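> Build me a model:
(chains A, B, C and D)
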Protein chains: 2
Amino acid sequence: MQTDTTPAGVPSGSRVLEHPRREAIRLADVLHALADPMRLRIVCRLAAADGELNCADTELPVSKSTCTHHFRVLREHGVIQQIYRGTAKMNALRRTDLDDLFPGLIDGILRAADLQAERLGNTCPTGHSG
Amino acid sequence: MQTDTTPAGVPSGSRVLEHPRREAIRLADVLHALADPMRLRIVCRLAAADGELNCADTELPVSKSTCTHHFRVLREHGVIQQIYRGTAKMNALRRTDLDDLFPGLIDGILRAADLQAERLGNTCPTGHSG
DNA sequence: TCCATTGTACGAGGAGCATCGTAGTTCGGA
DNA sequence: TCCGAACTACGATGCTCCTCGTACAATGGA
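Numbering: from 1, shown residues only, chains lettered A, B, ... in the order given. Here you go, the predicted model:
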């Protein structure tokens, strides 16, 4: 037990992850983060979940370390928010920040991913088709 | 002089450039093409021009060969259309195709670029501020 | 205390990319 | 026919990225 300085709602002892401030998020970075198929997939799943998912929940066809890598890229580029909860690390889209900075951008991209999945018969995107 | 098979409106003797068919354009490719600041800049200028620009018109702070490279990436990823006109090569956004495939995507990205430029005081994007 | 779960750090391999300079091609006009 | 303008092809350089395996750390529960 320790009298720590973690903000309200965060379990004491949680490790802290650095996120870019909202003002520091750059469009080119966001696009770059979403330009990778694996990361686009992650973001689609997070959007579909409309809440938190841990890394394992996304069931990516890559190794654990690669998974860690992609989630970190998304976080460092301002696309997702990550918090430790016990042994798990929960991930959520930074929708509020992104919608505020770039209104319609994320919606447009998610919608485009959906449409493309429909066209190609994929099962990846926001979950409506798989 | 030669009886060639170039489509109507294209000066005879023009070299032909390969473009991906509309159905072959992939979201991740488009995002990747736009994830580079230089290419995002190009696309913003083309959108502002609402017509054709040649490479030199975009006045990029890179060498000619790098310029060629970026335009080719944009073309091969389905973002722009390129046609030779004499010694010049004209470039235009494939708005119809992109809007048809991914409604709202390009608008969202262009708008985001504009907003970011306003916030940061840049002069790059669609031209409204520079 | 011990262990399973979850995720990280680190380094490596292989691929791809952004950039450049130089030499060459295509075109239109003098 | 010759020249300049616009652009390309090619190779090189240095950086970044995606992927992985292995070893390690933090947490919660038995």
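> which helices and strands does the longest helix along chain A pack with?
In chain A, with assignment by DSSP state H, the single longest helix is helix A:105-120. Packing partners of helix A:105-120 (3 or more CB pairs under 8 Å, 6 or more residues apart in numbering or on different chains; DSSP states H and E): helix A:27-34, helix A:37-49, helix A:95-101, helix B:27-34, helix B:95-101, helix B:105-120. C-beta: built from backbone N, CA, C; applies to glycine.
> hey, which helix or strand in chain A has the poorest pLDDT?
Taking mean pLDDT, DSSP states H and E as the measure, the helix or strand of chain A with the lowest value is strand A:53-54, at a mean of 92.
> and that one, what other elements does it pack with?
strand A:88-93.
> Next, see if the strand it packs on gets close to DNA strand C.
Yes: using CB under 7 Å from any atom of the strand, a contact is recorded between strand A:88-93 and DNA strand C, made by A:88-89.
> Strand partners (parallel or antiparallel) of that strand?
strand A:53-54 (antiparallel), strand A:80-85 (antiparallel) (DSSP bridges).
> could I get those as TSV with distance to DNA strand D?
Output for these, formatted as TSV (distance: least, CB to the nearest atom of the strand, whole Å):
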stretch	distance to DNA strand D
strand A:53-54	13
strand A:80-85	6
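> Pipe the ones you listed into JSON lines and attach distance to B:Pro37 per row.
Listed next are the strands paired with strand A:88-93 as JSON lines, based on distance: least, CB to CB, whole Å:
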{"stretch": "strand A:53-54", "distance to B:Pro37": "31"}
{"stretch": "strand A:80-85", "distance to B:Pro37": "22"}
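> would you list these in a markdown table and tack on mean neighbour count?
Formatted as a markdown table, those follow (neighbours: other CB atoms under 10 Å in any protein chain shown):
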| stretch | mean neighbour count |
| --- | --- |
| strand A:53-54 | 18 |
| strand A:80-85 | 18 |
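> quick one: which of these is nearest B:Ala49?
Of all the strands paired with strand A:88-93, strand A:80-85 sits nearest to B:Ala49, with 35.3 Å by CB to CB.
> what number of residues lie near A:His70?
19 (other CB atoms under 10 Å in any protein chain shown).
> Assign a three-state SS to it, would you?
helix (DSSP: H, G, I helix; E, B strand; the rest coil).
> Quick one: residues contacting it.
A:36, A:38-39, A:42, A:60, A:62 (CB atoms under 8 Å, 6 or more residues apart in numbering or on different chains).
> ok, 6 Å please
By CB atoms under 6 Å, 6 or more residues apart in numbering or on different chains, A:His70 lies in contact with A:38-39.
> likewise the one 3 residues further on?
Shown here is A:Val73, whose contacts under the criterion CB under 6 Å, 6+ apart are A:Ala33.
> And it, how close does it get to DNA strand D?
6 Å (CB to the nearest atom of the strand, to the nearest Å).
> That residue should be in a helix, yeah?
Yes: applying three-state DSSP, one finds A:Val73 inside a helix.
> okay, it: pLDDT?
A:Val73 carries a pLDDT value of 98.
> mind checking how far it is from A:Leu46?
14 Å (CB to CB, to the nearest Å).
> Same question for A:Asp97.
A:Asp97 is 14 Å from A:Leu46, by CB to CB.
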